[in-house]
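1. what follows is a predicted structure for the sequence shown.
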Amino acid sequence: MPEDVLAVVMAGGMGSRLRPLTDVRAKPAVPFGGIYRIVDFTLSNCINSGVRQVYVLTQYKSYSLSNHLRTGWNFLSRRLDHFIDEIPAQMQLGSGWYKGTADAIRQNMSFIGRGSPRLVLILSGDHVYKMDYGAMCRFHEQKRAAVTVSVVRVAAETARGAYGVLEVDGDDRIVGFEEKPSSPKTIPGTDECLASMGIYAFGTDTLRASLSNDFEDFGKEVIPGLVGRGEPVFAYDFTTRNVLVDYEYLVQPGRRAKELVNRTSDSDYWRDVGTLDSYWAANLDLVAATPKFNLYGEQWPVFNCPSHFPPAKFVHDLPDRGGRALDSVVSAGVVVSGGTVRRSVVGPGTHVHSYAVVDSSVLMGGSLHGGTLRESSIGRACRVRNAIVDKSVHLSEGTVIGFDRAEDEARGLRTATIAGTDDYVVVVPKGARL
């Protein structure tokens, strides 16, 4: 990746559809996959793609995210002018906070222009995926584009009212753009749409000119305006073009060879985890023997802020009281003491007590405050199903969660229907004691 490419990560989102998880933190700071936060995937993509100059724009309830960036993402060399810098909302232009994605970039153009980047990548900080931004930049240059929009193929039913939907010609040039249409236009011959991922590559001059107005949002105003004026705006098809590769080393008589293997199975994986059921489902995509999204691939590692917990421990081996986890992701600092965890993601600092059963759930774990661990405790004989349990939660002995929706809601817990089913997911907020 050339040195004159700058990335700006939009990480100030409120994420109201993820409440109560976002009552205490910004959406990009929501824990994911046991030891990560959602923003880690976008930042890891930057590192793996060779992007070494990154601004992270924060605004809403940013303390947790700011702390995470400071402690886990400060490893680039300033001597080489490499950085991942947080820019909090500062009312750079007037007295208003960010009104939208375009307004956020406009208010920070003075920072963006300091290094005279040739190309600016504008990235969403709240999606789960692996992407080679370098390939998108090469596509942008080959097309001599003013702007390139990364798109993903989704079912028309999924796109309806939820995503910006594009139309392209035979050369991938965008000829139509609708923001969250009720009747999305499909790719000819399919029932799929090209949905915007909220990822844009702008020539710096084009970006500056595009913001010489009062537009607030890229998807609603800036991109449709550029398309309407006939500017060369192109779509980069993430589903078919994003190629991440694994390498296989073959030992043969007298020599060692390196053979290029097919693209990884999760090269086309992208999830918008902006709703409770999508967040829950994306976490459970990690737990299978052959997961839909692989955290263990060495060619495209996912980085995070290291935690300092002891190893996970599973204790008691009795006929009716065994500590075990099946088809699950279990983090450091977890103690499964005579309980059972199935098809779940368990974050650090969680204690599952005897006879408890945790099934198809996301447990975020404990939290450290001043060196003191406030663990998350699943009490004896608890039954927890289809749940998202935020940090430092205490469930007392015999508590049942996720089996009776009316009963869960009567406790004051938020629930959400799992898409495509009659079942539901339930959320236990941070610090709750039930």
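-> Thanks, I have it.
2. the helices in the stretch 201-350 of the chain, which residues?
-> Assigned by DSSP state H, counting those that start in this stretch, the stretch 201-350 of the chain shows helices spanning 204-210, 223-228, 238-241, 276-284.
3. list the buried residues for stretch 292-310?
-> Residues 293, 294, 300, 302, 303, 304, 305, 307, 309 are the ones in stretch 292-310 that count as buried (16 or more other Cβ atoms under 10 Å). The way it works is simple: take the backbone N, C-alpha and C, and place the C-beta from them, glycine included.
4. nope, stretch 112-124 is what I meant
-> Using 16+ other Cβ under 10 Å as the test for burial, stretch 112-124 gives 112, 117, 119, 120, 121, 122, 123, 124.
5. surely the fifth one meets residue 8?
-> It refers to residue 121. Yes - the criterion here is Cβ atoms under 8 Å, and residue 121 meets it with residue 8 at 7.0 Å.
6. could I have stretch 377-394 exported to CSV, CA atoms only?
-> Taking Å, rounded to 0.1, in the frame of the first residue of the first chain, the C-alpha atoms of stretch 377-394 are listed here in CSV:
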residue,chain,number,x,y,z
SER,A,377,-21.0,-15.0,37.5
ILE,A,378,-23.4,-17.6,36.3
GLY,A,379,-24.7,-19.1,39.5
ARG,A,380,-25.4,-22.7,40.4
ALA,A,381,-28.1,-24.5,38.4
CYS,A,382,-28.8,-21.4,36.2
ARG,A,383,-30.1,-22.0,32.7
VAL,A,384,-29.1,-19.4,30.1
ARG,A,385,-30.2,-19.7,26.5
ASN,A,386,-30.1,-17.4,23.5
ALA,A,387,-28.7,-14.6,25.7
ILE,A,388,-26.3,-11.7,25.4
VAL,A,389,-24.9,-11.2,28.9
ASP,A,390,-23.0,-7.9,29.2
LYS,A,391,-20.0,-7.4,31.5
SER,A,392,-19.9,-7.9,35.3
VAL,A,393,-23.3,-9.6,35.5
HIS,A,394,-24.3,-11.7,38.5
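7. check the average confidence over that stretch, would you?
-> Averaging pLDDT along stretch 377-394 gives 96.
8. chain center to that stretch, what's the gap?
-> For stretch 377-394, the separation from the chain centroid amounts to 24 Å (computed by Cα atoms, centre = their mean, to the nearest Å).
9. and what of stretch 226-245?
-> The chain centre lies 21 Å from the centre of stretch 226-245; the measure is Cα atoms, centre = their mean.
10. now the helices for the stretch 51-200 of the chain?
-> So, for the stretch 51-200 of the chain - with DSSP H, counting those that start in this stretch - the helices run 63-72, 101-107, 109-112, 133-142, 156-159.
11. just name the most buried of these.
-> Mean neighbour count, computed with mean count of other Cβ atoms under 10 Å, is highest for helix 101-107 among these, reaching a mean of 23.
12. quick revisit: which two of the buried residues of stretch 292-310 have the greatest separation?
-> In the buried residues of stretch 292-310, two members sit farther apart than any others by Cβ to Cβ. They are 300 and 309, at 25.0 Å.
13. separation between residue 305 and residue 176?
-> 42 Å (Cβ to Cβ, to the nearest Å).
14. tell me the buried residues in stretch 147-165?
-> Neighbour-count burial for stretch 147-165, counted by 16+ other Cβ under 10 Å, picks out 147-154, 156, 159-160, 162-165.
15. now stretch 13-20
-> 13, 15, 17, 18, 20.
16. tell me what the helix or strand containing residue 373 is packed against?
-> Taking DSSP states H and E as the definition, residue 373 sits inside strand 372-374. Counting contacts by 3 or more Cβ pairs under 8 Å, 6 or more residues apart in numbering; DSSP states H and E, strand 372-374 is packed against strand 367-369.
17. any idea how far residue 362 is from residue 386?
-> 10 Å.
18. any shared contact partners between these two?
-> Residues touching both residue 362 and residue 386 (Cβ atoms under 8 Å, 6 or more residues apart in numbering) are residue 280.
19. skipping its backbone neighbours, what lies nearest residue 407 in space?
-> residue 400 (7.9 Å; Cβ to Cβ, 6 or more residues apart in numbering).
20. bridging residues for that neighbour?
-> residue 383 (DSSP bridges).
21. that one touches residue 379, doesn't it?
-> No - using Cβ under 8 Å, residue 400 makes no contact with residue 379, being 11.1 Å away.
22. comparing these two, which residue is more hemmed in?
-> residue 379 (19 against 15; other Cβ atoms under 10 Å).
23. list the contacts of that one.
-> Shown in contact with residue 379 (Cβ under 8 Å, 6+ apart): 353, 356, 394, 395, 396, 397, 398, 399.
24. about what we covered before: which among the helices of the stretch 201-350 of the chain is found nearest to residue 268?
-> helix 238-241 (4.8 Å).
25. quick one: list the elements packing against the closest one.
-> Secondary elements touching helix 238-241 (3+ Cβ pairs under 8 Å, 6+ apart): helix 133-142, strand 147-155.
26. try 10 Å
-> helix 133-142, strand 147-155, strand 192-203 (3 or more Cβ pairs under 10 Å, 6 or more residues apart in numbering; DSSP states H and E).
27. I'd like the ones you listed as a markdown table, with distance to residue 65 and mean pLDDT appended.
-> Below are those laid out as a markdown table (distance: least, Cβ to Cβ, whole Å; pLDDT from 0 to 100):
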| stretch | distance to residue 65 | mean pLDDT |
| --- | --- | --- |
| helix 133-142 | 21 | 93 |
| strand 147-155 | 23 | 94 |
| strand 192-203 | 18 | 93 |
